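[1] Next one to model:
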Amino acid sequence: MEHVRNGQIDIDEAVEKLRHLPFEDLGFACIDHHRQIRRGFPEVIFCPGKTTEHIIKIFESLAAKGNNVLATRAKPDVFEALAKTGKFPKARYEELARAIILVQKEPPASKSVLPIVTAGTADIPVASEAKVTAEIMGQRTELICDVGVAGLHRLFKHLPKLQNANVVIVVAGMEGALASVMGGLVNCPVIAVPTSVGYGSSFEGLSALLTMLNSCASGVTAVNIDNGFSAAVTATLINRKIDSNNK
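    Take a look at the predicted model:
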């Protein structure tokens, strides 16, 4: 509407842009273009289970509206196929996060910083997924790695910044105890992310998930196993509310 008022586009162009709100039916997928307006961030592509052709067509549809695009759990060959189209020279692949990222317009940087803490180095891929998700939504982040309970003294030097945070993401596998420890040290919500890292009895992350769900530290809430994406979205929404209230 602002573009029409300013004479940047005519009425016919505006009608064409509005035609695909609230969604665009591609036959195999209904793209939710209205999500940016409704939620403050566009739809994200979850790649597993989709063909490469479908992923690229969804990517093209989202990018055509000028939004930033995030494709999660993407394999390198999907990015290679996307790059071969030549349509998205600014797209990049984050190997650790397994994510394809296209930034077409820089989001305003958040006032607050989101700490993302890992118990071990093996938890970094899940933490990286959280990091790129939060950052494409405009959230500033800080990754604090390898400070788990096997050497808890490593965590202590980071306490001042953790205690000043609005919300903290804790990523841990094995027994997942770091989230409970964090819950006893900070005065903000802790979003716990169990990972599938661990030996046989960790049951691919189930033991960490149960530990986090049964935490005796109040203020700890858990997302599903390896779900760095959901943790990042939740933490970013919390910070956005707090930032907007502190204007």
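[2] so Tyr162 touches Leu185, yeah?
    Careful, residue 162 is Leu; it's not Tyr. Yes. Distance between Leu162 and Leu185: 7.0 Å, which falls inside the contact criterion (C-beta atoms under 8 Å). (C-beta placed from N, C-alpha, C; glycine too.)
[3] neighbour count winner among these two?
    More neighbours surround Leu162 than the other of Leu162 and Leu185, with 22 against 14 (other C-beta atoms under 10 Å).
[4] who's in contact with that one?
    Counting by C-beta atoms under 8 Å, 6 or more residues apart in numbering, Leu162 makes contact with 115, 117, 144, 168, 182, 185-186.
[5] same check, this time on Leu152
    When contacts are taken as C-beta under 8 Å, 6+ apart, Leu152 is in contact with Val181.
[6] cool, and the one 3 residues further on?
    Applying C-beta under 8 Å, 6+ apart to Leu155 gives the contacts 117, 147, 178, 181.
[7] and it, what are its phi and psi?
    When read as degrees, to the nearest 10, the backbone of Leu155 gives phi -80, psi -30.
[8] Can you list which of the contacts of Leu155 are found in helices?
    178, 181 (DSSP state H).
[9] Switch the contacts of Leu155 over to a markdown table; also include pLDDT and neighbour count.
    Conversion of the contacts of Leu155 to a markdown table gives the following (pLDDT from 0 to 100; neighbours: other C-beta atoms under 10 Å):
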| residue | pLDDT | neighbour count |
| --- | --- | --- |
| Val117 | 98 | 27 |
| Val147 | 94 | 24 |
| Leu178 | 96 | 29 |
| Val181 | 95 | 20 |
